[in-house]
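Asks: attaching a predicted model along with its sequence, questions to come.
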Amino acid sequence: MKARLTTLPNGFRVATDHMPGLRSSALAIYVLAGSRNEREDQNGVAHFLEHMAFKGTSSRTAIQIAQSIEDVGGFINAYTSQDRTAYFVRLLEEDVPFGVELLADILLNSVYNPGEMEKERNVILNEIRQYKDYPEEMVFEGLQRTIYPHQPLGRPILGSSDLVGSYQRSNLVEFVNQFYLPQNMILAAAGAVTHEDMVEMAERYFGHLKKVDVESYPKCHYQEGEFREEKDIEQVQLVLACESPPINHDLEAATNIFTRVLGGGSSSRLFVEAREKRGLCYAISAQVNVQPDTGLFVVHSSTGENEIEELCYCCTSEIASLQDNIEETEIKRAKAQIKSAILMGYENPSNRVERMGYMLHHLGKIMAIDETIEKYEKVTVEKVKEASHFLLDGQELSVALFGPITKAPTRMDIIGKSRP
């Protein structure tokens, strides 16, 4: 069955993917606004709103929201990212109408009670403190702040303790009025669902919303740089980064393949060289994070303070050697890994929902699964080399280091040794 899409007159979109044989469903409503839609004085508001959605509506208390979904054996949760906020449920086929009604209730009828806000404020402040206890989170936060200075992508999704501590109900309502608008929402459902039923329910709960122009976020611009912070912990966290092609760029698929060959698994070049041959680290990986206006290629690992220098140069050496020395067998392996990940993920209704939401948000359409796979199958060795030159020519690596870094080389030392 193909995924289906209907757009209501007010711009609200409904996407479904019926999966024969399933007796359960995954539903999500995506609000296409996250931390990068915030002004500097709003940082953390999108995430605060996500928390408050579960703290009471005009017809349900926070306890009633939790009990009502668990009464039917379901599950409800949410997340905030840089470019969207998602509210999702998993439940049985017969409870789909209830699931849609519950999602509509928490999105449209939340009361943002000041007393509940105070309690949840403290929850979020503890969440921020908790993140500061994770070295991996801190090195990436420092990197983002450095390479996107004074820009939304450089600010943490959770916000700062000072700002979160100051927000009032009016701050949440302002953001809702700015972005919780029908043409900025997607209802996606997969599993034991029918398209006609989902459209009818969307019209019932969201069809009355008025279409209002949505503010667009400013473009972000990558800036090379270095972040270093000394911390008395056991290991040094290392991230090497550079700008990558944005979403829907001609080189996006080739960049993903290059990244997987470099650091996408236990047969990747970084894993073989840094862990298997040299024993420098427990884990090492490469990945790409993309936005419509920019992208970020990163290599991440951690090691002891006495090994960090060798690990830095090991990484830059492997990155440089791969640029024009990539083999057809490596590309075939990467394609097989990507294909299997896509198809295995496609067997899960929650993954199908995420895929539809992502594609509608960033591409304005839902690509067939075979079309997605074909995009990768068409990538040639020459295209992967072209992607590597996009990443590595004309820009220098950015560096982030967090932990016992006294023996870690500087960014300029790292760059100097990575040049031919």
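Replies: Good, I have the coordinates. Numbering: from 1, shown residues only.
Asks: C-alpha only now, for contacts and for neighbours.
Replies: Will do.
Asks: what stretches of the stretch 151-300 of the chain score poorly on pLDDT?
Replies: By pLDDT under 70, the stretch 151-300 of the chain has no low-scoring segment.
Asks: where do the helices of it begin and end?
Replies: In the stretch 151-300 of the chain, the helices defined using DSSP state H, counting those that start in this stretch lie at 161-164, 169-179, 195-206, 252-263, 269-270.
Asks: which among the ones you listed is found nearest to Thr85?
Replies: Among these, the nearest to Thr85 by CA to CA is helix 169-179 (10.5 Å).
Asks: so which elements touch that closest one?
Replies: Applying 3 or more CA pairs under 8 Å, 6 or more residues apart in numbering; DSSP states H and E, one finds that helix 169-179 contacts helix 45-52.
Asks: quick check: mean pLDDT of the helix it packs on?
Replies: Helix 45-52 comes out with an average pLDDT of 98.
Asks: quick thing: my sequence starts at 839, can you match it?
Replies: Shifting the count to begin at 839 puts that one at helix 883-890.
Asks: separation between the residue nearest the centre of the chain and Lys1069?
Replies: Central residue of the chain (CA atoms, centre = their mean): Ser919, 5.6 Å from the mean position. From Ser919 across to Lys1069, the span is 27 Å (CA to CA, to the nearest Å).
Asks: list the contacts of the closest residue to His1199 other than its chain neighbours.
Replies: Nearest non-adjacent residue to His1199, counting by CA to CA, 6 or more residues apart in numbering: Leu870, 7.1 Å away. Shown in contact with Leu870 (CA atoms under 8 Å, 6 or more residues apart in numbering): 921-923, 1017, 1022-1023, 1199.
Asks: in strands only, show me these.
Replies: 923, 1023 (DSSP state E).
Asks: rebuild the helices of the stretch 989-1138 of the chain as TSV, extending it with distance to Gly912 and mean neighbour count.
Replies: Below are the helices of the stretch 989-1138 of the chain laid out as TSV (distance: least, CA to CA, whole Å; neighbours: other CA atoms under 10 Å):
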stretch	distance to Gly912	mean neighbour count
helix 999-1002	31	16
helix 1007-1017	27	15
helix 1033-1044	18	17
helix 1090-1101	35	25
helix 1107-1108	41	25
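Asks: which among the ones you listed is found nearest to Gln1129?
Replies: Short answer: helix 1090-1101, nearest of the helices of the stretch 989-1138 of the chain by CA to CA, at 11.1 Å.
Asks: for that closest one, packing partners?
Replies: For helix 1090-1101, the packing partners by 3+ CA pairs under 8 Å, 6+ apart are helix 1107-1108, strand 1122-1128, helix 1146-1161, helix 1166-1183, helix 1207-1215, helix 1219-1230.
Asks: ranking the ones you listed by mean neighbour count, which comes first?
Replies: Sort the helices and strands packed on helix 1090-1101 by mean neighbour count, taking mean count of other CA atoms under 10 Å, and helix 1107-1108 sits at the top with a mean of 25.
Asks: distance check, the closest residue to Ile1146 other than its chain neighbours against Gln1061.
Replies: Distance criterion CA to CA, 6+ apart; nearest residue to Ile1146, sequence neighbours excluded, is Ala1246 at 5.7 Å. Relative to Gln1061, Ala1246 is positioned 22 Å away (CA to CA).
Asks: of those two, which one has the most company?
Replies: Per other CA atoms under 10 Å, whichever of Ala1246 and Gln1061 has more neighbours is Ala1246, with 23 against 16.
Asks: may I have the phi/psi pair for Asn1144?
Replies: phi -80, psi -20 (degrees, to the nearest 10).
Asks: what about it, how many residues nearby?
Replies: Neighbour count for Asn1144, taken as other CA under 10 Å: 16.
Asks: gap between it and Ser998?
Replies: From Asn1144 to Ser998 the distance is 33 Å (CA to CA).
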